[in-house]
Every structure is written in structure tokens, then in C-alpha cells.
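Chemist: Predicted structure and sequence below. I'll ask about it afterward.
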Amino acid sequence: MGGFLDGHPIGAVGERNLMNHYQKQVDKTIDEKIYLFQNSWTDSDSCFNSGVLLMDVERLRNTGDILLPGLRFLVQHEEECKFFDQDILNYFFSRDYLHLPWNYNILQHWDRMWGKPELEEGIYHYMGRTLRLNMDEPRDCIFYEAFVQTPWCSAEYICKSFAVTRDVIAGAIAKNNELNRRAAAAWAGRRRVFVGPKDNEEQLREMFFMKEEEPYVALGEGWEQEGLNLPYDLGTHVYVFFLETFPELRKQLEAAGWREWEDFIDGKALILPHSTRLLDEYRIFMVM
């Protein structure tokens with residue numbers, strides 16, 4: 001391996017290389033935000049992604065102890081260091097590594113968003129919580145095709161996987177039922193006022209069995225600049241919002257004296273996600 005690495009202790013793919021492949025540019029202000037760039041030989045052009053590494057083990061051993069000094073660095077600059085092992089490795093090796101082609105470390109979530117529809121030849125990096133259970137997605141399929149050939153795909157895994165699937169879905173249903181009971185109590189004796197995008201009115205009226213006399217405040221483009229028109233009295237009406245900006249709206253309404261689950265409700269919380277979405281991403285790793 002030492003010969004392949006041309007005398008470098010490690011080989012890795014630079015973050016800039018990955019960004020450029022996906023035609024995304026590094027925000028230069030990151031240099032001002034990350035302590036690592038100011039206090040080592042690292043900058044946004046030389047920083048590498050540590051998810052996939054080729055290592056000259058002998059040379060690394062001869063480097064001496066980097067773990068304790070690296071951990072000390074993280075502790076001393078906790079606010080600035082966000083990537084832990086990657087921060088330590090970059091601190092020591094960002095100016096002394098073999099720059100590998102981008103496809104030695106294909107970030108699966110970036111490739112899902114910005115890559116080609118078909119798979120690329122290379123090494124896929126399932127960073128964090130990006131693996132899903134979508135059999136129509138080739139990036140998921142190649143992981144499971146490899147996984148079933150490993151010793152970790154056992155009877156125990158299959159049983160645990162079923163148990164997690166059951167518990168996730170059952171837990172989501174129980175939570176959704178509880179929220180819908182709270183909503184029913186809030187609008188008992190009062191009329192509901194649904195507030196959401198104009199294009200969603202028909203779907204929401206059908207989904208929530210809205211009566212014709214129940215109003216729907218349909219929002220068009222640019223409503224954020226114009227503000228919300230909420231004309232109905234809280235003594236006789238309950239507002240149910242279907243807005244992506246609900247967390248910000250909640251703060252404004254509570255500051256005005258409105259009470260959540262009495263005067264207003266987050267309508268999106270009442271909709272049970274599709275079962276495939278419930279099982280996406282990090283939940284899979286509960287059994288791996």
C-alpha cells in the first residue's frame with residue numbers, strides 16, 4: 001500500500017473535489033467559521049473527507065500518538081470542531097495525503113440529490129443516516145446486495161429488523177391517534193378554519209371530511225410578504241395550519257396570547273406519514 005500511496009500516510013478524497021464534481025462551491029465564509037482552518041495547515045481546498053481512507057499502516061504507526069493530542073484539540077475547541085475523527089485526521093494529515101478521484105468516496109446523499117440516475121463506478125459512502133429502505137433506489141439496493149453476503153445478515157438481524165419495523169409503525173400510529181384526539185377535543189363545539197396552500201384545499205377538505213360551511217383560508221404565492229389574514233373569532237373557531245413555516249408562526253401566535261391545541265393546531269402533525277417514510281434513514285441502523 002505504501003507504494004500505491006507514493007509515500008503519503010493516507011489517501012483520501014478532498015472535500016473540494018467532491019463539491020466540484022457535483023458543481024457545488026464551498027462557501028468561502030466557512031474559512032472564518034471553522035477553527036480547524038485557522039489553527040492547522042488545513043483550509044477548505046486541502047480538507048479531505050475521512051469516510052473512505054487508504055492507509056499505510058506502518059507509516060501511520062511511525063507517526064506516533066495522534067489520538068490523545070487530537071482529542072485534546074477537540075475538547076479545547078469544541079464549538080469549532082464539528083466532524084470529530086475527520087477534524088483530527090485533517091489536523092495532522094491535510095497537507096500530506098494522496099488526493100484520490102472523487103468516485104473513491106461517493107457521498108450517497110449528495111449523489112441521490114445531484115448525481116446521475118444510474119449508479120457510478122466507485123465506492124459509495126453511506127454517511128450518517130442516509131441509508132433507506134427504498135427498493136426502487138439503486139443506491140439502497142447495492143448496499144443490501146452487499147449486506148446479505150456478510151455474516152451480519154443473520155436470523156437475529158432479520159428478527160430484530162421485523163421487531164423494529166413493528167415498533168416504529170405501532171409507535172407512530174399511537175402518537176398520531178393521540179394528537180388527533182387532542183385536536184378533536186380542541187375543535188369540539190367550534191368550527192375549524194383550515195389555513196394552507198391554495199393547491200391543497202381540495203385534498204385537505206377530503207382528507208379531514210370538512211363540511212361546506214367550514215372555511216379554508218387559501219394562500220397563494222407571496223403570502224409571506226402580505227401576512228396572514230385570520231378573520232375568525234377564537235371563541236367560535238379553531239385554526240388548523242398546514243404551513244412549512246409553522247414553528248416560526250407558533251412563536252408569533254403564542255406571543256399574541258394564542259394557545260396551541262386550544263386556539264390553533266399544526267395540521268401536519270395530524271397526518272400519519274407513509275409507512276415507507278417512517279422506516280427511512282436512521283431507524284434502519286437500530287438493528288445493524
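Modeler: Cool, got the structure. The model shown is predicted, which means the values in this text are computed figures rather than measured ones.
Chemist: What about the closest residue to residue 92 other than its chain neighbours, how many residues nearby?
Modeler: Using Cβ to Cβ, 6 or more residues apart in numbering and skipping the chain neighbours, the partner closest in space to residue 92 is residue 66 (5.2 Å). Every C-beta, even on glycine, is put in place using the N, C-alpha and C of the backbone. Using other Cβ atoms under 10 Å, residue 66 has 15 neighbouring residues.
Chemist: how far away is residue 66 from residue 46?
Modeler: Per Cβ to Cβ, to the nearest Å, residue 66 is found 17 Å from residue 46.
Chemist: now do residue 164
Modeler: Taking Cβ to Cβ, one finds residue 164 at 41 Å from residue 46.
Chemist: about what we covered before: tell me how far the residue nearest to residue 92 lies from residue 266.
Modeler: 48 Å.
Chemist: can you check residue 126 too?
Modeler: 32 Å.
Chemist: do residue 70 as well
Modeler: 43 Å.
Chemist: What is the neighbour count of residue 183?
Modeler: Residue 183: 20 surrounding residues under other Cβ under 10 Å.
Chemist: what's near enough to touch it?
Modeler: By Cβ atoms under 8 Å, 6 or more residues apart in numbering, the residues touching residue 183 are 240, 261, 265, 270.
Chemist: same deal with residue 238?
Modeler: Contacts of residue 238 (Cβ under 8 Å, 6+ apart): 186, 187, 190, 191, 192, 193, 262, 263, 264, 265.
Chemist: That one bridge partners, please.
Modeler: Beta-bridge partners for residue 238, by DSSP bridges, are residue 192.
Chemist: distance of it from residue 64?
Modeler: Distance from residue 238 to residue 64, by Cβ to Cβ: 66 Å.
Chemist: repeat for residue 10
Modeler: Residue 10 is 15 Å from residue 64, by Cβ to Cβ.
Chemist: isn't the residue nearest to residue 92 right next to residue 85, touching?
Modeler: No - between residue 66 and residue 85 there is no contact under Cβ atoms under 8 Å: 10.6 Å.
Chemist: all helices of the stretch 101-250 of the chain, in order?
Modeler: Here the stretch 101-250 of the chain has its helices, by DSSP state H, counting those that start in this stretch, at 108-114, 138-147, 155-186, 201-207, 223-226, 246-255.
Chemist: List the contacts of the second one.
Modeler: It refers to helix 138-147. By Cβ under 8 Å, 6+ apart, helix 138-147 touches 108, 111-112, 118-119, 124, 126, 131-135, 153.
Chemist: 10 Å instead?
Modeler: Helix 138-147 has contacts (Cβ atoms under 10 Å, 6 or more residues apart in numbering) with 106, 108-109, 111-112, 115, 117-120, 124, 126, 130-135, 137, 153, 157, 280, 284, 288.
Chemist: for the fifth one, same thing?
Modeler: With contact meaning Cβ under 10 Å, 6+ apart, helix 223-226 is reached by 195, 197, 198, 217, 219, 220, 229, 243, 245, 248.
Chemist: Could you list the buried residues of it?
Modeler: residue 223 (16 or more other Cβ atoms under 10 Å).
Chemist: Please apply the same query to stretch 99-110.
Modeler: For stretch 99-110, by 16+ other Cβ under 10 Å, it's 100, 102, 103, 104, 105, 106, 107, 108, 109, 110.
Chemist: could you give the mean pLDDT of that stretch?
Modeler: Mean pLDDT, stretch 99-110: 93.
Chemist: chain center to it: distance?
Modeler: 19 Å (Cα atoms, centre = their mean, to the nearest Å).
Chemist: For that stretch, list the C-alpha coordinates in CSV.
Modeler: Included here for stretch 99-110 are C-alpha records, laid out as CSV according to Å, rounded to 0.1, in the frame of the first residue of the first chain:
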residue,chain,number,x,y,z
HIS,A,99,-5.6,13.0,-3.4
LEU,A,100,-7.9,10.3,-4.8
PRO,A,101,-10.5,10.7,-7.5
TRP,A,102,-14.0,11.8,-6.3
ASN,A,103,-15.5,8.3,-7.0
TYR,A,104,-13.4,6.7,-4.3
ASN,A,105,-15.8,8.4,-1.8
ILE,A,106,-19.3,8.8,-3.5
LEU,A,107,-21.3,10.6,-0.8
GLN,A,108,-24.6,8.7,-1.1
HIS,A,109,-26.9,11.6,0.0
TRP,A,110,-25.2,14.0,-2.4
